[in-house]
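*Asks:* Sequence plus the predicted model coming up.
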There are 2 protein chains.
Amino acid sequence: MITVVKIGGNVIDNPEALKAFIADFAKMPGKKILVHGGGKEATRLSATLGIETKMIGGRRVTDRATLDVVTMVYAGLINKRIVALLQAEGCNAIGLSGADGNVIRATRRNPEPVDYGYVGDINDDGVNAAFIISLLDKGVTPVFSAINHDGNGELLNCNADSVASAVAVACSRLAPVSLTFCFEKSGVLTDVDDESTLISRIDLQSYRPLIESGAISGGMLPKIDNAFKAIQSGVEKVVIKSSARLLADHGTTITK
Amino acid sequence: MITVVKIGGNVIDNPEALKAFIADFAKMPGKKILVHGGGKEATRLSATLGIETKMIGGRRVTDRATLDVVTMVYAGLINKRIVALLQAEGCNAIGLSGADGNVIRATRRNPEPVDYGYVGDINDDGVNAAFIISLLDKGVTPVFSAINHDGNGELLNCNADSVASAVAVACSRLAPVSLTFCFEKSGVLTDVDDESTLISRIDLQSYRPLIESGAISGGMLPKIDNAFKAIQSGVEKVVIKSSARLLADHGTTITK
């Protein structure tokens, strides 16, 4: 089983949490892949550099200057920091943007009706799973930032959740894959302020009643929809759990 | 034959020159490796961020803030730009810091008598040539920045010429290697202002008279000393040539 783990800003922005997470990730048995998001460092650097942060409909516009910043911060600083820390824990990590080894190709999002700039969506056949698995077979652990390329020399800023899903789905054509989304909560909660309301298992049958009763709502809905999409595309299971409990058998498991 | 090519700031700082160089490098036949230096972008970014550039005896001191800047710019922006451009030219490049795949280990320079901060020297057995060659065997072209790691979680800023030499020497234990240093001149000139004074070939026998007569002097001496060191450590030949003439049989060839 290959495990794809995605972490976001809540881990990346907290050096203590990141160190603890990395020690856990290094201890995880079996073949594994890490995908990391951005965190606040890019926003801070943009602000310091006087680059205006433009949002359209709640989404960040990636102009040329912003693309340079996210390439520096995500594919450079954060990626190499994580790789160096993993190496120190005995995990032979390799940091990859999608351009490296042509491993993930994306296409710039149509500038009509809204131009988000250098934002990309991963191509349907855009993930080179054979290359990823050849690294895993050598005992090397890929660590992906969400910076990919279009094959024509342009880098593109992608969504890290989508990178994790796309990598998991592509690899699942060659080997069994599970996909873990780490975040600040213990998993899917029916009351977001009460960790005791964790739903430990969701399948297609139990999902609809949970939505209809309002037990699952808001920002969790697109996450679970994406989880089911990944499962229907070949991923064995999706786990949503706390980044602080990577090694514990705790969280929400989503299956067919 | 594996060819290791090193480029510096004169190419990296000039987008037109970089594009032309990359097209040439992509066309180069055989197995190849690119090592790139930094250029002025890191200095500019440091200045914009208000990070003081400290020099001791003509050498840059890499404090924590400067290490973050060079990691962002060298291992992030420049490295990924080059990789994306090479991919567009049909060259399957992979960008690597020394932490990636644990491919180059370095040791922080002794802070006594002068503390240069997070500056590293490559360990004697620090280059994982087997991993590099396994990539080359798959048709993948490694592209190294000069950011390496110490194995204990710390990134270190190294000299790009030294990275190129160390990679070439380590690979030469497994396969024949030639090493090319690209710079702004056509090669070793007896009169630096006159390109017609190019010395096309230097060997150990012809070297001493060239120094004694003063025909070779100044900044070129350490370059040639390093070239001989590489050759005596197993590299077949070292070529010093213009980055604008990568594919031409032109420049200074240094052999035993």
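*Replies:* Thanks, I have the structure now. Numbering: from 1, shown residues only, chains lettered A, B, ... in the order given.

*Asks:* ranges for the strands of the stretch 101-250 of chain A?
*Replies:* For the stretch 101-250 of chain A, the strands defined by DSSP state E, counting those that start in this stretch occupy A:104-108, A:120-127, A:141-144, A:147-149, A:155-157, A:177-183, A:201-202, A:237-242.

*Asks:* quick one: which of those is nearest B:Leu86?
*Replies:* Closest of the strands of the stretch 101-250 of chain A to B:Leu86 is strand A:147-149, at 10.4 Å (criterion: CB to CB). For the C-beta atoms, the positions are set from N, CA and C on the backbone; glycine is no exception.

*Asks:* which helices and strands sit right next to the closest one?
*Replies:* On a contact count with 3 or more CB pairs under 8 Å, 6 or more residues apart in numbering or on different chains; DSSP states H and E, strand A:147-149 meets strand A:104-108, strand A:120-127, strand A:155-157, helix B:79-88.

*Asks:* For chain B, give me its nearest residue in chain A.
*Replies:* Closest residue of chain A to chain B, CB to the nearest CB: A:Gly76 (1.9 Å).

*Asks:* Please convert the strands of the stretch 101-250 of chain A to TSV, extending it with mean pLDDT, mean neighbour count and distance to A:Val70.
*Replies:* Below are these laid out as TSV (pLDDT from 0 to 100; neighbours: other CB atoms under 10 Å in any protein chain shown; distance: least, CB to CB, whole Å):
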stretch	mean pLDDT	mean neighbour count	distance to A:Val70
strand A:104-108	98	22	14
strand A:120-127	97	18	12
strand A:141-144	98	25	14
strand A:147-149	98	31	7
strand A:155-157	97	28	5
strand A:177-183	96	24	20
strand A:201-202	96	17	33
strand A:237-242	97	22	25
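
*Asks:* want to throw these into CSV with distance to A:His250?
*Replies:* Output for the strands of the stretch 101-250 of chain A, formatted as CSV (distance: least, CB to CB, whole Å):
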stretch, distance to A:His250
strand A:104-108, 31
strand A:120-127, 29
strand A:141-144, 23
strand A:147-149, 32
strand A:155-157, 32
strand A:177-183, 12
strand A:201-202, 12
strand A:237-242, 6
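
*Asks:* If we look just around chain B, which residues of the stretch 151-256 of chain A are in range?
*Replies:* By the rule CB under 8 Å from any CB of the partner chain, the part of the stretch 151-256 of chain A lying against chain B is A:151-155.

*Asks:* ok, of these, which one's closest to A:Cys171?
*Replies:* Nearest to A:Cys171 among those, counting by CB to CB, is A:Gly151 at 20.6 Å.

*Asks:* got a list of what that closest one touches?
*Replies:* A:102, A:105, B:87-88 (CB atoms under 8 Å, 6 or more residues apart in numbering or on different chains).

*Asks:* Which of these has the largest number of neighbours?
*Replies:* In terms of neighbours by other CB atoms under 10 Å in any protein chain shown, these top out with B:Gln87 at 25 neighbours.

*Asks:* For B:Val4, see how far away that one is.
*Replies:* Computed as CB to CB, to the nearest Å, the B:Gln87 to B:Val4 distance reads 20 Å.

*Asks:* cool, and A:Glu154?
*Replies:* To B:Val4, A:Glu154 is 28 Å away according to CB to CB.

*Asks:* And the two? Which one has more around it.
*Replies:* Set side by side, A:Glu154 and B:Val4 show more neighbours around B:Val4, with 29 against 19, by other CB under 10 Å.

*Asks:* can you confirm the more buried one is in a strand?
*Replies:* Yes: counting by DSSP: H, G, I helix; E, B strand; the rest coil, B:Val4 is part of a strand.

*Asks:* give me every residue that touches it.
*Replies:* Counting by CB under 8 Å, 6+ apart, B:Val4 has contacts B:32-33, B:35, B:164, B:167-168, B:171, B:177-180.

*Asks:* Kindly report the same for A:Ile104.
*Replies:* Counting by CB under 8 Å, 6+ apart, A:Ile104 makes contact with A:97-98, A:122, A:126-128, A:144, A:148-149, A:158, A:163, A:166-167.

*Asks:* same thing but 10 Å
*Replies:* A:96-98, A:120, A:122-123, A:126-128, A:132, A:144, A:146-149, A:156, A:158, A:163, A:166-167, A:170 (CB atoms under 10 Å, 6 or more residues apart in numbering or on different chains).

*Asks:* before we move on, what about A:Ser178?
*Replies:* So A:Ser178 contacts A:1-5, A:30, A:32, A:168, A:172, A:230-231, A:235-239, A:253, A:255 (CB under 10 Å, 6+ apart).

*Asks:* and the residues you listed, which are buried?
*Replies:* Among those, those classed as buried by 16 or more other CB atoms under 10 Å in any protein chain shown are A:2-5, A:32, A:168, A:172, A:230-231, A:235-239, A:253, A:255.

*Asks:* residue boundaries of the helices in chain A?
*Replies:* Secondary structure of chain A (DSSP state H): helices located at A:9-12, A:15-27, A:41-48, A:64-70, A:79-88, A:129-137, A:160-172, A:204-212, A:220-232.

*Asks:* Are there helices or strands packed against the fifth one, and which ones?
*Replies:* So that's helix A:79-88. Using 3 or more CB pairs under 10 Å, 6 or more residues apart in numbering or on different chains; DSSP states H and E, the elements in contact with helix A:79-88 are helix A:9-12, helix A:15-27, strand A:31-36, strand A:93-96, strand A:141-144, strand B:147-149, strand B:155-157.

*Asks:* deepest of those, which one?
*Replies:* For those, the largest average neighbour count (mean count of other CB atoms under 10 Å in any protein chain shown) is found in strand B:147-149, namely a mean of 31.

*Asks:* still on that earlier bit, for the contacts of B:Val4, could you give me TSV that also reports distance to A:Gly9?
*Replies:* Shown next, in TSV, are these (distance: CB to CB, whole Å):
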residue	distance to A:Gly9
B:Lys32	38
B:Ile33	35
B:Val35	33
B:Ala164	37
B:Val167	35
B:Ala168	40
B:Cys171	39
B:Val177	43
B:Ser178	46
B:Leu179	42
B:Thr180	42
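
*Asks:* check contacts around A:Thr255.
*Replies:* Applying CB under 10 Å, 6+ apart to A:Thr255 gives the contacts A:178, A:201-204, A:227-228, A:231, A:235-239.

*Asks:* Looking at the nearest residue to A:Val238 once chain neighbours are set aside now. What's its pLDDT?
*Replies:* Excluding the flanking residues, the one nearest A:Val238 by CB to CB, 6 or more residues apart in numbering or on different chains is A:Ala227, at 3.8 Å. Note on A:Ala227: pLDDT of 93.

*Asks:* before we move on, back to that, which of the buried ones among the contacts of A:Ser178 lies closest to B:Ala65?
*Replies:* B:Ala65 has its nearest neighbour among the buried ones among the contacts of A:Ser178 in A:Val5, at 30.1 Å by CB to CB.
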